[in-house]
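> Next comes the sequence, and after it the predicted model I'd like to discuss.
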Amino acid sequence: MQPATAKWYHNVWFVLAMLFLVAGPFGLPLVWNNPRFSRPVKILLTLVMVVYTIALIDMTVRMVHEVTRRVNELGATLAP
């Protein structure tokens, strides 16, 4: 019997790219359904994704606050 060929979406690099570059937390089902990852690795990748997502949200909120502050400053400078 020949071993079953792995599905293209079980490729480790594809899963990691989807997780960190494209889909973020929406890529977690790819991690948990992947037979190549052990349970501890799945848990670790999930925790890393949670921290990564929180950091991205925090940076986005800070950026929006900074842009809003600068737009308000510019508006105050240009007002007659």
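Arrived safely, thanks for sending.
> In the chain, mark out all the helices, start to finish.
Per DSSP state H, the chain carries helices over the ranges 12-17, 28-32, 39-78.
> what would these look like in TSV with mean pLDDT and mean neighbour count?
(C-beta placed from N, C-alpha, C; glycine too.) Converted to TSV, these look like this (pLDDT from 0 to 100; neighbours: other C-beta atoms under 10 Å):
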stretch	mean pLDDT	mean neighbour count
helix 12-17	79	14
helix 28-32	86	16
helix 39-78	94	11
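> List the contacts of Val12.
Contacts were defined as C-beta atoms under 8 Å, 6 or more residues apart in numbering; by that measure Val12 touches 34, 36-37.
> Show the buried residues in those residues.
Buried positions within the contacts of Val12, assessed by neighbour count (16 or more other C-beta atoms under 10 Å), are 34, 37.
> any chance of the contacts of Val12 in CSV, with distance to Ile43 and pLDDT too?
Rendered in CSV, the data for the contacts of Val12 read as follows (distance: C-beta to C-beta, whole Å; pLDDT from 0 to 100):
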residue, distance to Ile43, pLDDT
Asn34, 13, 87
Arg36, 15, 87
Phe37, 10, 89
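> Quickly note the distance from Val64 to Pro35.
In this structure, Val64 and Pro35 are 41 Å apart, going by C-beta to C-beta, to the nearest Å.
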